[in-house]
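Chemist: sequence unknown, structure follows:
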């Protein structure tokens, strides 16, 4: 079983779906997948901070089992855990959203596997997930690739937390996630969860950039992360184009490598909208 962890609210369901489709379509294996989805209701902070719905998950499960009847998706509401660990903390107004914090609750959620691949929702796989998932972590707490901008501006080995291969058994032994949560509770950090994880790390495994390409798409790229990036033309500016914004992905980036994934996503989106309406 390949175990995947994703986090978010009902607004990032398109990201969860497209990311999962890319894994299913690019992986040449009969091994089943289990997608764990952490969500929560913190609409008291912001109206749109509502959990992934059961309707969304039911549809997601049908998509997954269409590829392999043994594929599974498990929705886990971490609202109570979040409130206990993070409510009122200096980083609750994180640079993205409080949903970026909840991956750091993985050691507190019962029955989680010893090894799990955490992925942000704004990710597509271009190549087989096993190229990443099968990495031997041994005594490492997790594996991650460098942050595209941070490796120049902050530190050569500054990691991006959008793709994290968790050795959860080892992480529980070292207490890294509890240490990270403690940092978040006591001090406002520039990049919240990412900064806290880095400060709490005992030993990490550095991955080549192709496992988390945040700016370019090369032939050898395994993971394309659609995070905010800098464009120089026609004038210096930043843009935050996500993979589910299909026309922009094709127009701005000129990508056609993901057409089979994105075309299926568009078809599934229409189907879902018909069912809901």
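Modeler: Arrived safely. What you are looking at is a predicted structure, and each value in this text was computed from that prediction instead of being measured.

Chemist: I'd like the average pLDDT over the lengthiest helix in the chain.
Modeler: What stands out as the longest helix in the chain, according to DSSP state H, is helix 259-276. Mean pLDDT, helix 259-276: 94.

Chemist: so how far is it off the chain centroid?
Modeler: 21 Å (Cα atoms, centre = their mean, to the nearest Å).

Chemist: now stretch 25-32
Modeler: With Cα atoms, centre = their mean, you get 19 Å for stretch 25-32.

Chemist: buried stuff in it?
Modeler: Neighbour counts over stretch 25-32 (16 or more other Cβ atoms under 10 Å) mark 26, 27 as buried. C-betas here are computed from N, CA, C, even on glycine.

Chemist: end-to-end on it?
Modeler: In stretch 25-32, first residue to last residue: 13 Å (Cα to Cα, to the nearest Å).

Chemist: Please apply the same query to stretch 163-171.
Modeler: Terminal residues of stretch 163-171 are spaced 16 Å apart (Cα to Cα).

Chemist: Torsion angles phi and psi at the nearest residue to residue 226 once chain neighbours are set aside?
Modeler: Leaving aside its chain neighbours, residue 226 sits nearest to residue 122 (4.3 Å; criterion: Cβ to Cβ, 6 or more residues apart in numbering). Here is the backbone geometry of residue 122 (degrees, to the nearest 10): phi -90, psi 60.

Chemist: returning to what we had before: by contact count, what packs against the longest helix of the chain?
Modeler: If contacts are counted by 3 or more Cβ pairs under 8 Å, 6 or more residues apart in numbering; DSSP states H and E, helix 259-276 sits against helix 13-26, helix 54-67, helix 246-248.

Chemist: In JSON lines: these, plus distance to residue 97 and mean pLDDT.
Modeler: Converted to JSON lines, those look like this (distance: least, Cβ to Cβ, whole Å; pLDDT from 0 to 100):
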{"stretch": "helix 13-26", "distance to residue 97": "13", "mean pLDDT": "98"}
{"stretch": "helix 54-67", "distance to residue 97": "17", "mean pLDDT": "97"}
{"stretch": "helix 246-248", "distance to residue 97": "21", "mean pLDDT": "94"}
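
Chemist: Of these, flag the one that's most buried.
Modeler: Mean neighbour count (mean count of other Cβ atoms under 10 Å) peaks for helix 13-26 among these, with a mean of 22.

Chemist: Which positions within stretch 112-125 qualify as buried?
Modeler: Neighbour counts over stretch 112-125 (16+ other Cβ under 10 Å) mark 112, 115, 116, 117, 118, 119, 120, 121, 122, 123, 124, 125 as buried.

Chemist: Could you list the low-pLDDT ranges of the stretch 1-150 of the chain?
Modeler: 94, 149-150 (pLDDT under 70).

Chemist: Please, where are all the helices along it?
Modeler: In the stretch 1-150 of the chain, the helices defined using DSSP state H, counting those that start in this stretch lie at 13-26, 54-67, 79-86, 130-133, 150-153.
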